[in-house]
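Visitor: make a model of this:
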Amino acid sequence: MKLIKKLNYKKILSLFMKQNGSPLYNAKGVAVGVFCGCFPFFGFQTLLGLFLARIVKGNFFLAAIGTWISNPFTYVPLYFFNYKVGSFLLKISPDIIFDKTLKIEELWEQGSVFSLRLILGSVLVGSLLSFISGVIVFLLYKRKVKKSIF
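Guide: As a prediction, this is how the structure comes out:
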């Protein structure tokens, strides 16, 4: 609880809203960051988000912030959900990989199947969440621009 109290959400939100650039520029940054944050590339999500933000010409700061969708509190639920979505798309039971009688050798053999499910689910979930977050951020910044004009 002390950690949560130390985090000043108002400061983070004000930094978020003080970003310069068009609503589209800022929305692309967040969307790319959220997309990259949905992948289990620990330590590389931010770098990948910055790289993609450069390609799509989005806000770098917001791309880095967007990758925070995955953090120590959300890793397990997010990636488990991505795995389940990938299994559903491949029409394979998601419980096969979690067989309690599985030996280490068999687990290595199933690693590619597990990875495929997780990455496929991450692409779909990341695409959906990045679209939703991009639209929300676009509308927030559009509203901010309207208020500053009047």
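
Visitor: sort out which residues of the top helix by length along the chain are buried, please.
Guide: In the chain, taking DSSP state H as the definition, the longest helix is helix 111-149. Neighbour-count burial for helix 111-149 flags 114, 117-126, 129-130, 133-134, 137-138, 140-141 (criterion: 16 or more other CB atoms under 10 Å). The C-beta positions use only the backbone N, C-alpha and C, and glycine is treated the same way.

Visitor: tell me what it is packed against?
Guide: On a contact count with 3 or more CB pairs under 8 Å, 6 or more residues apart in numbering; DSSP states H and E, helix 111-149 meets helix 23-37, helix 60-66, helix 75-89.

Visitor: buried deepest among these, which one?
Guide: Burial of the helices and strands packed on helix 111-149 is given as mean neighbour count (mean count of other CB atoms under 10 Å); helix 23-37 ranks first at a mean of 26.

Visitor: what comes into contact with it?
Guide: 19, 45-46, 48-49, 52-53, 56-70, 126-127, 129-131, 133-135, 137-142, 144-145 (CB atoms under 8 Å, 6 or more residues apart in numbering).

Visitor: so who does residue 83 touch?
Guide: By CB under 8 Å, 6+ apart, the contact list for residue 83 reads 94, 114, 117, 118, 121.

Visitor: distance to residue 82 added to those residues, as a markdown table?
Guide: Formatted as a markdown table, the contacts of residue 83 follow (distance: CB to CB, whole Å):
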| residue | distance to residue 82 |
| --- | --- |
| 94 | 11 |
| 114 | 11 |
| 117 | 8 |
| 118 | 6 |
| 121 | 4 |
